[in-house]
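Q: Build me a model from this:
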Amino acid sequence: MTDIPTAHHAGPTTPGDPGTDPVGSWELDVYRQVVAGPGAAKLQDSRVAPLVAAARGYWHADQAAEKVCADLAGVNFRGRTGEQLRAALRMGSMVMPRYLPASGRVWESSSDGSDGRLRPFLIELKPAHPRTETDRASGKVRVIKYETLRPTGSTAGSIIDVHPATPRDWDDAPVALITEGTLKGDAALTALLLAAGITRDDLSFPASMPPTQRQALARLRELMDRVPADRRTLILTVTGIANWHHNPEWAEVNLRDKRVWLTPDGDVHRNPQVWDQADQAWTYLSSRRRAQVKLLDLGAATAPAALSDDDSANIAVTPEEEPDDTDDDVPEPDGPAAGPKGLDDYLGQAGGWDTLPPLLRQQLPPRPRGKRRPTGTLEVDEKRCVVKEWHDSDTRSGKPAGWRVNSHIAGRVVAVNDQRNASALEIRTGLIDQSAEAESSVRATVVIEVYWIDQDGDRVSHRITGPDSLLVDNPASWHTERVGGNVPSAVKAHPSWPCDMKWLAAIKAHRPRETTRQSRWGHMGWVPTDDGHPVFLVGAQVIGADGLMPAKATPGVSPDILAKANLFGVIEPADDEHLRTALRNVVHAYDRVWTNPRYTAIALATALRPIVPLPYNTPVMCTGASGKGKSHMASLIMSFWQHAPGTWKPSLLPGSMLDTMASTQYSLSRTPIWVVDDLAPSSDDRRAKSNEALMEDLLRAVHNQANRARMMMTATDMTQRREQPPRAVIVGTAENEVSTNSAANRAVNLTFQAGSLLGNEVDAADEIRDDTGEAAMVTFGAIRAMARVAGDNWELAAGLWQTRKDDLMRDGVERLGAEGSARRQMDMAADLAIGLLPLGYLAQMLGLEEIHRRVDGWIDDIFDHVFAETLRIHQNTPGRALLAAVRAALRAGAAYIEARDTPTQPPLQEGKGTVSATMLGWQAAGDGALRPGGTRIGSLVAKNDHLYVLLDPANAFKIAQRHQPDLIPYGSRQNTSWAAVWAEGLTCPDGDPWKRHQVGQHLRPVVRAYGLEAVPFPLDQIVGGEVGLERLGDRQPN
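A: Coordinates of the predicted model:
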C-alpha cells in the first residue's frame, strides 16, 4: 500500500457489548487512508474494520493506474476484459482483490505485484458510477454494481474467496460461514474478531505501524491467532449466490462434518431464483462436501434484540400450510417483513456476531411463489395422498377456481444415490475432482416412494427403484428393459398407473429438502478424499492412515451389484504387537509351502500388489495338472483379502471359467484382486477353444488396461456403453498353458507339478488362511503403512512409487542382461515386484528388520523367474512353432516331401544313419515298400554339395495349421508366419544359395528356385539331424 498516512482511531460510534450490539463504524478519515474516493464511505457503511480492509488490499484506481491495475489483474487491453477495465477506471473504482483458499496459501506467498501489493487471483471493481444493462426480453434495466475481471486465458468467472490474513490452522475451525460478496465477508470477519475480544483500537491503525498491506497482513494474522479455537469460523465468500457452481477451490477446503452457515441475502424469502440457488448450494454442500449445513436466516431477523436463549433451539421452519381450495388466486404474502438485506447490513444495524446462532435454521423456508398460480399446475396433496391440479374459474360453466384431483397416486423422491469411479488423475493426486468431466462420470440411482389411500382408508406405500433416468423418463416406460426401473406389481395394478410427465414434475417438487443424497464409490481400492488423504475401500471397510475410517468415504460395491462383494475385506489386528506376530508368522509359513522358493516372493507380491496405487498390467497364471497346487496357491493369495478367516478356499474362489466374459470384466473393474479358476480340458472341442480364447482375452485386457467395448440399445439408436478398465490384480489357474505366444507373453506363469508343494509343511499357511486370518491382518497393516508413508503429499508419494518401479525395471535389465523383447518382460517383473513395497514399509514401521532386509532378495527372485520364463517361452516363437508343426505333420503321415527328379521313390535311402524317409512323410505299406502319405508340401534338392528342402508355402502352412492348431492358432496368416521363420534365422541364409526379392520396402518370404516359389531349409532343419549326400544313392538331384 503506498502513500497512506498513519491514522488514529477516533473512538467507537456505538459503545456496548461487542458480541451482541451492532458493529459500530470507524471515522471516515481512517478509511480514506486506506482507499480514496467513494470506496471509503462504502467500507465505513459495511462496517469493515480499517485493518481488515488494509490487509485485503482495497485501493482506489483511476485512469492513471490502468497499467498497475491490469498487471495486478493479469489482463491485457486487447479483449473484452480490457475494455471493461478501462471503462470502470474512467469513472474511478474501488479495487477489491479476491484470493484463493488453495494449498500453499496466498497469505504465505511473497508479494510479487506492483507497488508492494499481494497479487490476488482476480479482482473486482466497484465503479463510482456503475453502468447499466437492459434485458432485451423484458426491457428491465439492471445496474452493474460490481465488475469482475477475469485474468486473460483463465476460464474462472468467479472464485471462492478467503481473506488473505486467515491463518492456515483456521481450516480446522468447527464452523464455516459462506456469504455473498467480499465486503460482507470482511464485515463478518470484523464482527467475529470483536466478539472474540479483539478491541476496536486493535482493528484500527496504531500510530506505530505504517499501514502497508504487508504490515497489515502480519498484524491481522497475529490478532486472528489470538482467537480461541472454539470461537473461530472460516469465512468464505462467493460473488453471488448463483456463483458457487464448478469452483475447483472447493476441493481445497475441508468441509466434511463441519458446521456450515449458508448466508444468502434476506430475499431468499421473496425471490424464487435466489431460493433455487440456495437450495442447490445446500444440496451440493451437504451431499458432495459432506457438510452439516444450516441457513443463517437474515430475512427473519426483524427484532433480534428480543431474541432469548431459547430461540437458538427454534431451528426448524414450520411446514407450509396447504392453501384452501377457494382462495388460491389471492396473492401470497412476500414472506417475513423486510429486514436487513445482507450480512453486513445486519451486523451494522441489528446485532453483533453472537446474535447470529439464533437465526440458524435446519432447512430453507418454503419456496416463494409467484402472485398467481397458472392453470394446470400440479402439486402433491400430502394429506389426501393424491396429486391435485389447479384450474382457473370457468365463466362459461360457472365452475369456480380450485384444486381438482389429477391422480390418486402421490409420491416423492426419497433418495438419489450417486456412484462414481475414481479417475487416474484422482488416484494420482489423492483429491476429489470437482470438474464437470468428473461429474459426468457419476452414475446415480434413485428411490421414489409412491403412496395412496386404499378402499379401507389406509395409506399404502411402495418404493420404485432404478437409474436416475427415472427422473426424466415417462413413468409408463419405467418398467421396460431400456429404462431398467423396478416397479412393484401393486403399483402397476393401480388404476391411476401409469402416470404422466406432469405428475412426475409434481412429485419431484414435493418435499425436495427431505431427499437424501449419498455418494458411493463404484469400485474397491484407493479412492480420493476432500482433504487429499486417500483411503482404501475393500468390501464394506474403509482403511486409511489411522486404521478403519468409515467417515472418509462410502463403499458402493455391495452384494446387490457384485455377488461376492461381502466376502472381500481385511482383518484389523488388536495392536502393533499382534500385527508384528502376524507378519512373522505369514513370512515363516509362506517360506515353507513351495519347493521353488521364488514362488514365495511371487505370492506375497501378487497378494499385496493392489495396495500400490499404480496401474497394474501383469496377470499371474498358475498352470499344471489337476490337484498339484494351482487353486491352493490362488487361495493363499486371496487369504490376504478376506473379512474373516476361512472365507476363501481352493474350492471357493472369486471367479471361474464358468463366468461370462462380461461378468468377469465387470468384476475386474470393481475389485482389487480377482481369481479366474479352473481352465480345464474339455471333451467338447468347441468349448475348450472358447474357454482358452476367453482366458487369453482376459490376459490381454488386464495387460492392456482396456475392457472389451459393448453397445447399448436405447430407444432411438445404438450407443457405446462406457466400460471401466480393469483395476484388479488377476490370478488365473489352468491345466494347460495358453497356446498363443502373444497371450503367454502378457502373464507371469507358475508351473505346478508333482512335488511342487512341500508336503505337510503347507499346513501352517493353510492354518493362517482358515483359522487365524493373519494374512488379512498383514494387508490391513500394509494399507495403513502406505497411507502413512504418503503423509500430507500423496501426489509426491505416488510419483516416487512410479520412480521406484522404473528403477526396479532398469536394475533388472542391467543385472540379467535382458535385451530386445526380454526388456519388455522386465517391465512386467517390475510391475509385480513393486507389490513388495508396502510389505517393506510395514516391516520397517514394526521394527522387523529381518523381514525388511529380505524384500530386495524377493524382488530378485521375481526378476529371475520372469527372465527364465521369458527364455523358455521364446523357444516357442511363431517361426519355431510353424516349423514344429511341419515336422509333426510329416511324421504323422499327413504330408510328405518328394525328391525333385524321382517323385515316386523315397527321397532318402533307408538303413544308413538315424534319418529315414519316414521323417519326410513316407510310410511303410503292407508289402514293406515306402509310399508317400497325405499331401505333397515340398521337394528335396541337392545344391553346392548340400541337401535342402523347398517347402511349398501354401500347402505346408495349410497342412501344418490343420493338424497342429495348438501350435498355429486360427487367425494366423501364411505370409506373416513364413516371415517370422526368416526373421528367426530358421531358413537357409538369405542369398546362400537362393536370394529373396524385395517388393517395395519389404522382402518376400519366398525364393525362386527350379521354377518354383518356395521357402528353403537345410534338410537337417526339417528332420532334426545331419544328412549327407550319400543318403541319396544314385538319385542325387541337380
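Q: Could you pull up the residues touching the nearest residue to Ile1022 once chain neighbours are set aside?
A: Distances taken as Cβ to Cβ, 6 or more residues apart in numbering place Val949 nearest to Ile1022, at 4.8 Å, with adjacent residues excluded. Quick note: C-beta positions are derived from backbone N, CA and C, even for glycine. Residues in contact with Val949 (Cβ atoms under 8 Å, 6 or more residues apart in numbering) are 897, 920, 938-941, 1016-1019, 1021-1022.
Q: one more time with 7 Å
A: By Cβ atoms under 7 Å, 6 or more residues apart in numbering, the residues touching Val949 are 897, 938, 940, 1017, 1019, 1022.
Q: Of these, which belong to strands?
A: 897, 938, 940, 1017 (DSSP state E).
Q: Tell me the secondary structure at the residue nearest to the spatial centre of the chain.
A: In the chain, the C-alpha nearest the mean C-alpha coordinate belongs to Ala422, at 1.0 Å (Cα atoms, centre = their mean). Following DSSP: H, G, I helix; E, B strand; the rest coil, the label given to Ala422 is coil.
Q: For PyMOL, write a command that selects the buried ones of the ones in strands among the contacts of Val949.
A: Command for PyMOL that selects the buried part of the ones in strands among the contacts of Val949, burial taken from 16 or more other Cβ atoms under 10 Å:
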select buried, resi 897+938+940+1017
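Q: Between the ones in strands among the contacts of Val949, which sits nearest Thr554?
A: Thr554 has its nearest neighbour among the ones in strands among the contacts of Val949 in Phe1017, at 65.5 Å by Cβ to Cβ.
Q: In terms of helices and strands, where is the residue lying closest to that closest one once chain neighbours are set aside?
A: Excluding the flanking residues, the one nearest Phe1017 by Cβ to Cβ, 6+ apart is Val949, at 4.9 Å. Secondary structure from DSSP states H and E places Val949 in strand 946-951.
Q: Kindly provide the whole-number mean pLDDT of the helix or strand hosting Tyr346.
A: Assigned by DSSP H and E, Tyr346 belongs to helix 343-349. Mean pLDDT, helix 343-349: 91.
Q: Other residues contacting it?
A: 22-23, 46-47, 179, 183-184, 187-188, 191, 263, 298, 301, 340.
Q: Report pLDDT for the closest residue to Ala924 other than its chain neighbours.
A: Nearest non-adjacent residue to Ala924, counting by Cβ to Cβ, 6+ apart: Leu930, 6.0 Å away. At Leu930, the pLDDT value in this model is 88.
Q: Go ahead and confirm Leu930 touches Pro907.
A: No - contact between Leu930 and Pro907 fails when scored by Cβ atoms under 7 Å: they sit 9.7 Å apart.
Q: what sits in contact with each of the two?
A: Contacts common to Leu930 and Pro907, judged by Cβ under 7 Å, 6+ apart, are Ala917.
Q: The lengthiest helix in the chain: which residues count as buried?
A: As assigned by DSSP state H, the longest helix anywhere in the chain is helix 794-816. By neighbour count on 16+ other Cβ under 10 Å, the buried set for helix 794-816 is 794, 797-798, 801-802, 805, 808-809, 811-813, 816.
Q: how about a markdown table for those, with pLDDT and distance to Arg168 added?
A: Formatted as a markdown table, those follow (pLDDT from 0 to 100; distance: Cβ to Cβ, whole Å):
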| residue | pLDDT | distance to Arg168 |
| --- | --- | --- |
| Trp794 | 94 | 18 |
| Ala797 | 93 | 21 |
| Ala798 | 93 | 24 |
| Trp801 | 95 | 27 |
| Gln802 | 94 | 29 |
| Lys805 | 94 | 34 |
| Leu808 | 92 | 37 |
| Met809 | 90 | 40 |
| Asp811 | 88 | 41 |
| Gly812 | 83 | 43 |
| Val813 | 83 | 45 |
| Leu816 | 75 | 49 |
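Q: Show residues contacting the helix or strand where Ala888 lies.
A: Using DSSP H and E, Ala888 maps to helix 878-891. Identification of contacts with helix 878-891 by Cβ under 7 Å, 6+ apart yields 741, 895-897, 919-921, 951, 956, 959-960, 963-964, 967-968, 977, 980-981, 983-984, 986, 1022.
Q: quick one, it and strand 946-951 angle?
A: Here the directions of helix 878-891 and strand 946-951 differ by 90 degrees (axes from the mean of the first three to the mean of the last three Cα atoms, to 10 degrees).
Q: Off-centre distance for helix 878-891?
A: Using Cα atoms, centre = their mean, to the nearest Å, the distance from the centre of helix 878-891 to the centre of the chain it belongs to is 48 Å.
Q: Going by neighbour count, which residues in it are buried?
A: Judged by neighbour count (16+ other Cβ under 10 Å), helix 878-891 contains these buried residues: 878-883, 885-887, 889-891.
Q: rewinding a little: which of the contacts of helix 343-349 are buried?
A: Among the contacts of helix 343-349, the ones that count as buried by 16+ other Cβ under 10 Å are 22-23, 46-47, 179, 183-184, 187-188, 191, 263, 298, 301, 340.
Q: Now for those residues: which two are most distant?
A: Leu183 and Ala301 (18.5 Å).
Q: who touches the closest residue to Tyr896 other than its chain neighbours in this structure?
A: Distances taken as Cβ to Cβ, 6+ apart place Gly921 nearest to Tyr896, at 2.9 Å, with adjacent residues excluded. By Cβ under 7 Å, 6+ apart, the residues touching Gly921 are 890, 893, 895-897, 932-934.
Q: mind giving me TSV with these and columns for distance to Gln753?
A: TSV is the format used below for those (distance: Cβ to Cβ, whole Å):
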residue	distance to Gln753
Leu890	30
Gly893	32
Ala895	33
Tyr896	37
Ile897	37
Pro932	40
Gly933	35
Gly934	35
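Q: ranges for the strands of the stretch 351-500 of the chain?
A: Counting by DSSP state E, counting those that start in this stretch, the stretch 351-500 of the chain has strands at residues 360-361, 378-381, 386-391, 402-407, 410-420, 443-453, 459-467.
Q: quick check, nearest of the buried residues of helix 878-891 to Gln998?
A: When these are ranked by distance to Gln998 (Cβ to Cβ), Gly879 comes first, at 20.1 Å.
Q: Could you list the domains of the chain?
A: 28-308+336-361, 378-521, 526-567, 576-874, 878-1032 (automatic domain parsing).
Q: Turn those domains into a markdown table, columns for distance to Arg367.
A: Conversion of the domains of the chain to a markdown table gives the following (distance: least, Cβ to Cβ, whole Å):
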| stretch | distance to Arg367 |
| --- | --- |
| domain 28-308+336-361 | 5 |
| domain 378-521 | 9 |
| domain 526-567 | 29 |
| domain 576-874 | 33 |
| domain 878-1032 | 64 |
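Q: buried set for stretch 973-981?
A: Neighbour-count burial for stretch 973-981 flags 974, 977-981 (criterion: 16+ other Cβ under 10 Å).
Q: what's the burial count for Pro559?
A: A total of 12 residues lie near Pro559 under the criterion other Cβ atoms under 10 Å.
Q: Likewise for Gln1021?
A: Number of residues near Gln1021 (other Cβ under 10 Å) recorded here: 18.
Q: quick one: it and Leu986, what's the gap?
A: Noted for Gln1021: a distance of 6 Å to Leu986, by Cβ to Cβ, to the nearest Å.
Q: Next: Asp473.
A: Distance from Asp473 to Leu986, by Cβ to Cβ: 63 Å.
Q: neighbour count winner among these two?
A: Asp473 (20 against 17).
Q: Pretty sure the more buried one sits against Val483.
A: Yes - with contact defined as Cβ under 7 Å, Asp473 reaches Val483; the gap is 5.2 Å.
Q: just to revisit the earlier point, what's the least confident stretch among the domains of the chain?
A: The weakest mean pLDDT among those belongs to domain 28-308+336-361, with a mean of 81.
Q: Any idea how far apart the tips of that one sit?
A: Separation of the first and last residues of domain 28-308+336-361 by Cα to Cα, to the nearest Å is 36 Å.
Q: go on, stretch 347-360?
A: One end of stretch 347-360 to the other measures 15 Å (Cα to Cα).
Q: I'd say Leu360 and Lys294 touch.
A: Yes - taking Cβ under 7 Å as the definition, Leu360 is a contact partner of Lys294 at 4.4 Å.
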